[in-house]
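Peer 1: This is a predicted model, with the sequence first.
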Amino acid sequence: MGVLVVTGTGTEVGKTVTTAAVAAVAARGGRSVAVLKPAQTGVAAGEPGDVDEVVRLAGGTVTGVELARYPEPLAPGTAAARAGLAPVRPAQVAEAAEKLAASHDLVLVEGAGGLLVRFDEEGGTLADAARLLGAPVLVVAAAGLGTLNSVQLTGEALRSRGLRQSGVVIGSWPGEPGLAERCNVGDLPVAAGAEVVGAVPEGAGSWAPEVFRSEAAGWLSSSLGGRWDGGTFARAMAPPVR
């Protein structure tokens, strides 16, 4: 797994914190890690972006690269056009990831929003970059109501493009899950057509970095270098039968 593309089912689902957790686990395991953000939107020049947050949480040994930054919090293609700046194109993303992969054991490519958010006026997307790279795609999803539809649509979009889904991570698992969240644990693999391979605790991004790094392996399955057990988690969270 030299390159792993990380996408979300939408915005604010825990994609950046999940990326940081994967990076932290790999780095603590002795692997050299790079994180590539093709397009950062909604952040002004000089302000910390998603890459900075991943490096802060995962550790200073992680290499962070941002290809473009646009000030308005919009889809990358729209944000670029409104700012009068050049868009990022899938071929650029693939080229940058391949260069990083030549000197790192693992490259994480974190998208903006969902899989099919447009990068440019031609309709290029993160899915196109993943196809050029031949890289698997990790999907980060919300825990509660509405997530099953988004996860299923994303899974279908991946399969229709011949892309491999490496699993679903619940990006923000609440400390006190309700009925919808508990039921979704069992329903997510069916909707996604892929295993649930992790659950990141709600608010983990606000933890002290050293605590975050020490705990991250407990949130991710062995396929991502961690020790989280999906079967145990599913049994523990299963709602009582009425």
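Peer 2: Nice, thanks for sending it over. Residues are numbered from 1 along each chain as shown.
Peer 1: List of residues touching whatever helix or strand Thr18 lives in?
Peer 2: Assessed by DSSP states H and E, Thr18 sits inside helix 15-28. Residues outside helix 15-28 that contact it (Cβ atoms under 8 Å, 6 or more residues apart in numbering) are 4, 6-8, 33, 35, 50, 53-54, 57-59, 61-62, 105-106, 108, 110-111, 138, 140, 169, 171-172, 198, 200, 204-205, 212-213, 216-217, 219-220, 224-226. Quick note: C-beta positions are derived from backbone N, CA and C, even for glycine.
Peer 1: now swap in stretch 95-102 and tell me
Peer 2: With Cβ under 8 Å, 6+ apart, stretch 95-102 has contacts from 2-3, 34, 36, 38, 63, 65, 67, 107, 109, 129, 133, 135.
Peer 1: Let me see the mean pLDDT of the helix holding Thr18.
Peer 2: Helix 15-28 shows a mean pLDDT of 98 in the predicted model.
Peer 1: now it, how far from the chain's geometric center?
Peer 2: 9 Å (Cα atoms, centre = their mean, to the nearest Å).
Peer 1: so what does the strand or helix carrying Val197 touch, helix or strand wise?
Peer 2: Secondary structure from DSSP H and E places Val197 in strand 196-201. Strand 196-201 is packed against helix 15-28, strand 165-173, helix 179-192, helix 230-237, with contacts defined by 3 or more Cβ pairs under 8 Å, 6 or more residues apart in numbering; DSSP states H and E.
Peer 1: Pick the most buried one from those.
Peer 2: Mean neighbours per residue, mean count of other Cβ atoms under 10 Å, is largest over the helices and strands packed on strand 196-201 for helix 15-28, with a mean of 27.
Peer 1: right, and the helix or strand after it?
Peer 2: strand 33-41.
Peer 1: who does that next one pair up with?
Peer 2: strand 63-70 (parallel), strand 106-114 (parallel) (DSSP bridges).
Peer 1: Distance from that strand to the middle of the chain?
Peer 2: For strand 33-41 - counting by Cα atoms, centre = their mean - the centre lies 11 Å from the chain centre.
Peer 1: before we move on, what about stretch 167-185?
Peer 2: 16 Å.
Peer 1: I figured Gly230 was touching Leu188, is that so?
Peer 2: No. In this structure, Gly230 is not within contact of Leu188 by Cβ atoms under 8 Å, at 10.1 Å.
Peer 1: what residues do those two have in common as contacts?
Peer 2: Val196.
Peer 1: Quick check: what element follows the helix or strand hosting Leu138 along the chain?
Peer 2: Per DSSP H and E: Leu138 is located in strand 137-141. Note on strand 137-141: by DSSP H and E, the next helix or strand toward the C-terminus is helix 147-160.
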